[in-house]
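Chemist: Pasting a predicted model and its sequence here:
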Amino acid sequence: MSLYNVFDIAGSGMSAQNIRLNTTASNISNANSISSSQDKVYRARHPVFAAELNKANDLQSSNAAASSVGVKVLGIVESDKPLQVEYSPNHPSADKDGYIYKPNVNVVEEMANMISASRSYQTNVQVADAAKQMLSKTLLLGQR
């Protein structure tokens, strides 16, 4: 594997963690929203990641080591956890039966996801920086 491929791998990791951070921020910002309908209430969203396995399998079968394998974002899915239903007949957003609907967002879980995504992003930055330093040192070897 070329040292330049490290930048591709770290870059795909940073991109994936950026999507994870944005999704988590969206979940946290909508955690206290209220709706009068189950259809309109915000549902927690989570990104789905996968290693680019097809690319990795192709590389392995052809014995090519020149390419890199990164992280692919397959999509963002809504959580299927049950919504929070609360009986509050005096609330202005209550439905005809007196219920309000709150998102299925667990703020503690989302904060843990945010810390994890932030640290993963930071690790990918450190990997890219280490590769940059190694390339710089390699270039300096030829000058002596």
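Modeler: Nice, thanks for sending it over.
Chemist: gap between Ala31 and Val48?
Modeler: With distances taken as C-beta to C-beta, to the nearest Å, Ala31 is found 21 Å from Val48. All C-beta atoms are positioned from the backbone trio N, CA, C, and that covers glycine.
Chemist: Looking at these two, which is more packed in?
Modeler: Residue environment comparison for Ala31 versus Val48 gives the larger neighbour count to Ala31, 16 against 10, counting by other C-beta atoms under 10 Å.
Chemist: my guess is the more buried one meets Glu109, correct?
Modeler: No - contact criterion C-beta atoms under 8 Å: Ala31 and Glu109 do not qualify, at 10.5 Å.
Chemist: for the chain, what helix or strand is lowest in average pLDDT?
Modeler: For the chain, scoring each helix and strand by mean pLDDT, DSSP states H and E identifies helix 53-62 as the least confident one, at a mean of 61.
Chemist: So what are the sheet partners of the helix or strand following that helix and their directions?
Modeler: As assigned by DSSP states H and E, the chain's next helix or strand after helix 53-62 is strand 71-78. Strands adjacent to strand 71-78 in the sheet, as given by DSSP bridges, are strand 45-51 (antiparallel).
Chemist: ok, Leu135 touching Val6?
Modeler: No - contact between Leu135 and Val6 fails when scored by C-beta under 8 Å: they sit 9.3 Å apart.
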